[in-house]
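Q: From the sequence below, what's the structure:
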Amino acid sequence: MHQTRLDQSADAPPNVGAAVQTTAGGNYRWVICALLFFATTINYMDRQVLGLLAPDLQKIFRWNEIQYGYIVTAFQTTYAIGLLLMGRFMDRVGTRIGYAVSIAIWSLAAMGHALANSVLGFAFARGMLGLGESGNFPAAIKTVTEWFPKKERALATGIFNSGTNVGAIIAPLTVPWVAVHLGWRWAFLFTGFFSATWLALWLLLYRRPQEHPRLSPGELQYILSDPVEPTTRIPWMRLLPHRQTWAFALGKFMTDPIWWFYLFWLAKFFASAHGLTLTKLGPPLVVIYLAADVGSIFGGWLSSSLIKRGWSANRARKTAMLICALCVVPVMFISQLTGLWPQVALFSLATAAHQGWSANMFTTASDMFPRRAVGSVVGIGGFGGAVGGMCIASFTGYHLQHTHSYSLLFVISGFAYLSALLIIQVLVPRLEPALIEIEAK
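A: You can find the predicted model right below:
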């Protein structure tokens with residue numbers, strides 16, 4: 001029965017997608033997108049807890065800025081290594097099993113922070129968290145590639161990627177209350193319930209489109225309406241010689257660290273610049289990450305909308321990314337402002353622009369590579385971003401320990417995206433697909 005559905009999809013004319021969408025309906029692919037959204041939300045709740053508790057934990061355990069930088073670097077290091085492994089792992093075992101393994105590891109690691117009593121203990125827990133969480137984006141991007149035609153992928157990516165901001169919003173609304181009333185250790189434990197619930201739903205609801213009993217033939221045909229691609233697995237080393245791989249990896253290397261910087265140092269910045277305590281950090285952080293949530297969806301919608309209007313993927317993606325890069329630039333003036341809410345306004349614009357950029361950056365991987373390579377390419381790009389995160393974490397720790405000033409860090413943040421877009425334009429001026437030859441086995 002499934003084979004018949006596959007044959008019908010393969011024989012469909014190139015423009016069948018539009019016809020199917022208007023006559024057959026079917027929206028189960030958005031249920032899958034919702035699962036990706038909730039997984040990403042939990043992912044960012046788990047990683048945000050340390051950043052929120054950092055000012056208080058530094059007092060309890062007497063960390064200096066350099067030691068805190070080392071703890072963050074431990075996460076970035078295993079996250080980088082894990083992205084190389086997890087991307088290939090997802091391509092090999094598939095997203096159903098791969099995603100389940102990933103969230104099981106990171107959930108146990110997140111709760112394991114409650115057992116830590118030293119810099120080494122926190123660094124170990126962060127390292128295991130980084131290893132588990134490294135599977136989220138390779139799995140999610142691969143799932144979007146399998147479940148959505150190209151013209152919907154940026155929007156779907158923007159929607160699930162907005163979970164990063166929802167998680168970053170929920171965390172400052174809940175973690176301080178839990179820490180104040182139950183103790184900081186419970187703040188690391190309470191997300192375990194959400195992870196277990198998601199894991200059960202994922203195993204219950206997820207199958208590949210071609211194997212899913214709840215998917216209508218019309219929607220399957222729409223999902224597979226792009227030109228049929230071969231299924232031979234692409235060796236990892238065959239991806240490295242291509243300019244497209246380096247464009248994606250360097251773009252992530254230069255811009256992902258800025259998001260990590262916001263995630264792990266914003267609470268500390270507000271605590272030092274404005275004396276905000278744990279219970280008062282919620283409102284500014286909620287505003288900032290709510291804006292980022294809007295930016296993620298808008299960035300994905302913008303390029304998808306332009307493509308539907310007849311723009312090429314190259315022109316649409318890069319136009320959206322340029323707009324986002326320009327919106328980040330004003331963050332370099334944060335240090336010139338003295339009021340809390342003017343600073344929050346610029347941070348909000350910068351984080352919204354980053355997430356809009358990120359939605360399109362992820363989608364360029366599926367624009368330039370076949371489905372069977374997307375997980376590996378996203379893993380390579382994520383590795384580049386995590387290596388950049390390692391650099392910014394160590395640099396930030398040393399810089400703040402010796403200067404106690406964030407000014408240079410904000411200047412770096414403001415220029416990173418335009419520089420990255422210039423490099424991407426030089427490497428892939430037309431965002432053309434990589435020509436990957438597969439040896440016959």
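
Q: How many residues are close by F61?
A: 15 (other C-beta atoms under 10 Å). (Glycine included, C-beta is placed from N, CA and C.)

Q: Also the one 3 residues further on?
A: By the criterion of other C-beta under 10 Å, N64 has 13 neighbours.

Q: ditto for the one 10 residues further on
A: The tally of other residues near A74 (other C-beta under 10 Å) stands at 23.

Q: Let me see the contact set for it.
A: A123, F124, R126, G127, G130 (C-beta atoms under 8 Å, 6 or more residues apart in numbering).

Q: Mind telling me what element it is part of?
A: If you go by DSSP states H and E, A74 is part of helix 65-93.

Q: buried sites along that helix?
A: By neighbour count with 16 or more other C-beta atoms under 10 Å, helix 65-93 contains the buried residues 65, 67-84, 86-91.

Q: show me what contacts the closest residue to L201 other than its chain neighbours?
A: The shortest distance from L201 to any non-neighbouring residue, by C-beta to C-beta, 6 or more residues apart in numbering, is to L35 (6.6 Å). Applying C-beta under 8 Å, 6+ apart, we find L35 in contact with W198, L201, W202, L205, Y206.

Q: element containing the nearest residue to A271 once chain neighbours are set aside, please.
A: Of all residues not flanking A271 in the chain, P55 sits nearest, at 4.3 Å (C-beta to C-beta, 6+ apart). In this assignment (DSSP H and E), P55 forms part of helix 28-61.

Q: One more: R185?
A: Applying DSSP H and E as the criterion places R185 in helix 184-189.

Q: Please work out the average pLDDT along that helix.
A: Here helix 184-189 scores 91 as its mean pLDDT.

Q: Contacts made by stretch 260-277 with the rest, please.
A: Among residues not part of stretch 260-277, those counted as contacts by C-beta under 8 Å, 6+ apart are 44, 47-48, 50-52, 54-55, 72, 76, 168, 172, 281, 284-285, 288, 340, 343, 347, 350-351, 354, 389, 392-393, 396, 404, 406, 409, 413.

Q: Now list the buried members of the residues you listed.
A: The neighbour-count criterion (16+ other C-beta under 10 Å) marks 44, 47-48, 50-52, 54-55, 72, 76, 168, 172, 281, 284-285, 288, 343, 347, 350-351, 354, 389, 392-393, 396, 406, 409, 413 among the contacts of stretch 260-277 as buried.

Q: related to what we said a few turns ago, buried residues in the helix holding P55?
A: 28-29, 32-33, 35-58.

Q: Run the chain-centre distance for stretch 189-209.
A: Distance, stretch centre to chain centre, for stretch 189-209: 18 Å (C-alpha atoms, centre = their mean, to the nearest Å).

Q: Stretch 334-344 now?
A: For stretch 334-344, the distance to the chain centre is 27 Å (C-alpha atoms, centre = their mean).

Q: mean confidence score for it?
A: Here the average pLDDT along stretch 334-344 is 94.

Q: same check, this time on stretch 251-259
A: Mean pLDDT, stretch 251-259: 96.

Q: Contacts for it, please.
A: The contact list for stretch 251-259 (C-beta under 8 Å, 6+ apart) reads 328, 350-351, 354, 357-358, 361, 364, 381-382, 384-389, 391-392, 412-413, 416-417, 419-421, 423-424.

Q: what do you get for stretch 300-314?
A: Residues contacting stretch 300-314 (C-beta under 8 Å, 6+ apart): 150-159, 161, 315-317, 319-320, 323, 356, 359-360, 363, 367, 430-432.

Q: Just the ones of those residues in helices?
A: Among the contacts of stretch 300-314, DSSP state H puts 150-159, 161, 315-317, 319-320, 323, 356, 359-360, 363, 367 in helices.

Q: Low-confidence bits of the stretch 201-350 of the chain, can you list those?
A: Applying pLDDT under 70 to the stretch 201-350 of the chain flags the ranges 228-233.

Q: Helices of the stretch 151-300 of the chain, start to end?
A: With DSSP state H, counting those that start in this stretch as the criterion, the stretch 151-300 of the chain has helices at 163-182, 184-189, 192-205, 217-223, 243-274, 282-308.

Q: for the second one, which positions count as buried?
A: Of the residues in helix 184-189, those with enough neighbours to count as buried (16+ other C-beta under 10 Å) are W184, A187, F188, L189.

Q: my guess is S394 meets T73, correct?
A: Yes. Using C-beta atoms under 8 Å, S394 is in contact with T73, at 5.3 Å.

Q: tell me the contacts of A393?
A: Contacts of A393 by C-beta under 8 Å, 6+ apart are G69, V72, T73, Q76, W260, F264.

Q: Which members of those residues are the farthest-apart pair?
A: Maximum pairwise distance among the contacts of A393 (C-beta to C-beta): 11.5 Å, between G69 and W260.

Q: Restrict the contacts of L35 to the buried ones and give me that as a ChimeraX selection.
A: Buried residues within these, by 16+ other C-beta under 10 Å, are selected in ChimeraX with:
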select :198,202,206
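
Q: Make TSV from the contacts of A393 and add distance to S296 to it.
A: What follows is the contacts of A393, written out as TSV (distance: C-beta to C-beta, whole Å):
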residue	distance to S296
G69	27
V72	23
T73	26
Q76	22
W260	16
F264	19
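
Q: what's the closest of these to V178?
A: Nearest member of the contacts of A393 to V178, counting by C-beta to C-beta, is F264, at 19.3 Å.

Q: can you give me how far the helix or strand hosting P342 is from the chain middle?
A: Following DSSP H and E, one finds P342 within helix 340-368. Centroid separation for helix 340-368 versus its chain: 11 Å, with C-alpha atoms, centre = their mean.

Q: Then stretch 109-125?
A: With C-alpha atoms, centre = their mean, you get 23 Å for stretch 109-125.

Q: buried residues in it?
A: Buried residues in stretch 109-125, defined by neighbour count with 16+ other C-beta under 10 Å: A109, A110, M111, G112, H113, A114, A116, V119, F122, A123, F124, A125.

Q: which residues does the last one contact?
A: Residues touching A125, when contacts are defined by C-beta under 8 Å, 6+ apart, comprise A109, A110, G112, H113, L115, A116.

Q: helix/strand/coil for the fourth one?
A: Read that as H113. Put simply, H113 is helix when judged by DSSP: H, G, I helix; E, B strand; the rest coil.

Q: Buried by neighbour count, from the contacts of stretch 251-259: which ones?
A: For the contacts of stretch 251-259, buried by 16+ other C-beta under 10 Å: 328, 350-351, 354, 357-358, 361, 364, 381-382, 384-389, 392, 412-413, 416-417, 420-421, 424.

Q: I424: what's it in contact with?
A: A247, L250, G251, K318, M321, T364.
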